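Student: sequence unknown, structure follows:
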């Protein structure tokens with residue numbers, strides 16, 4: 001099986017070796033870029049978690065405010081009914 005393999009000229013081998021080195025270098029650059037992108041994704045995920053937490057806090061505050069508003073509205077209605085029930089004195 002190995003007897004059928006032809007030897008390639010040294011110059012051709014050097015060209016191929018050079019191309020392999022260039023490709024390896026490109027792979028290293030791409031790996032570096034992937035690492036940078038992964039770190040950016042982690043930062044973004046962290047920011048999303050913070051924002052989700054803030055939204056939950058705001059929702060909770062809104063519910064409290066809504067409840068307080070309903071109480072105030074109820075009190076206002078009670079006061080309004082008392083004002084209407086009091087006869088006007090002249």
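Tutor: Here it is on my side, so go on. Values in this document were obtained by computation on a predicted structure and should not be read as measured data.

Student: any low-confidence regions in the protein?
Tutor: Applying pLDDT under 70 to the chain flags the ranges 1-3, 86-90.

Student: can you show me the helices along it?
Tutor: Here the chain has its helices, by DSSP state H, at 10-85.

Student: for residue 16, what are its contacts?
Tutor: residue 8 (Cβ atoms under 8 Å, 6 or more residues apart in numbering). Every C-beta, even on glycine, is put in place using the N, C-alpha and C of the backbone.

Student: and it, how far is that from residue 8?
Tutor: Distance from residue 16 to residue 8, counting by Cβ to Cβ, to the nearest Å: 8 Å.

Student: repeat for residue 17
Tutor: With Cβ to Cβ as the criterion, residue 17 and residue 8 are 11 Å apart.

Student: repeat that for residue 76.
Tutor: 94 Å.

Student: cool, and residue 31?
Tutor: Distance from residue 31 to residue 8, by Cβ to Cβ: 30 Å.

Student: before we move on, what about residue 45?
Tutor: 50 Å.

Student: check residue 34 too.
Tutor: Distance from residue 34 to residue 8, by Cβ to Cβ: 34 Å.

Student: kindly report the same for residue 85.
Tutor: On the measure of Cβ to Cβ, residue 85 and residue 8 end up 108 Å apart.

Student: nothing else from me, thank you.
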